[in-house]
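*Asks:* one predicted model, sequence on top.
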Amino acid sequence: MPVERFPIEAGHIMMFARAIGDVNPIYYDADHAAATEVGDIIAPPTFVQASAQYDPDNRLRPKIGEPWIGSGAKPTGIDPDATSDGGSGGGIAAGLHAEQHYEYHRHINPGDVLIATVKPGEKWEKHSKRAGLLSFTETVTEYRDQDGELVITARSVGVRTEKPVTG
């Protein structure tokens, strides 16, 4: 489900940068940022991933009273059969997140409000001696600002294996 509204605030940018261990002052110091070529605080490159917190149905977001990844009920905290997503963007059971690519059309700044649109990308297959048939699925997410301007295009590639891979 695409995020209907992802408001960008300076505090969110700063906390995200701290969480990933990036101390670049362009992510939190307005005076420093104003003296740069960019001229304003900007968000770190992978910041759009935080948009998942604005999606109440995101499968990785914990829901009160329900098992979730890391809840400890099972090794993954969930029933693998109930959560496989067919490899689109990396499932939990037989699928994996294989790649993530970002194409930046402009910087994200405080005050922007992003809207995400998700669409299917390419599909392809490869053969592996260890895992058998590998099925790859690409998902493309376009993040546009409040004026409809394309800001970031994110491409996620998931892979499903024909048979389990051991050790």
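*Replies:* Perfect, I can see it now. Numbering: from 1, shown residues only.
*Asks:* centroid-nearest residue for the chain?
*Replies:* residue 49 (3.6 Å; Cα atoms, centre = their mean).
*Asks:* any stretches of this protein with poor pLDDT?
*Replies:* Applying pLDDT under 70 to the chain flags residues 1-3, 69-94, 164-167.
*Asks:* in it, where's the longest strand?
*Replies:* Of all the segments of type strand in the chain, defined by DSSP state E, the longest one is strand 113-128.
*Asks:* enumerate the positions of it that are buried.
*Replies:* 114, 115, 116, 118, 121 (16 or more other Cβ atoms under 10 Å). For every residue, glycine as well, the C-beta is placed using N, CA and C.
*Asks:* any idea how far the residue nearest to the centre of the chain is from residue 56?
*Replies:* Plainly put, residue 49 is 16 Å away from residue 56 if you go by Cβ to Cβ, to the nearest Å.
*Asks:* and what of residue 15?
*Replies:* 20 Å.
*Asks:* same check, this time on residue 99
*Replies:* Distance from residue 99 to residue 56, by Cβ to Cβ: 27 Å.
*Asks:* quick one, which of those two is more surrounded?
*Replies:* Of the pair residue 99 and residue 56, residue 99 is the one with more neighbours under other Cβ atoms under 10 Å, namely 12 against 8.
*Asks:* look up the closest residue to the more buried one, ignoring the ones flanking it.
*Replies:* In this structure, residue 99 finds its nearest non-sequential neighbour in residue 157, 4.0 Å apart by Cβ to Cβ, 6 or more residues apart in numbering.
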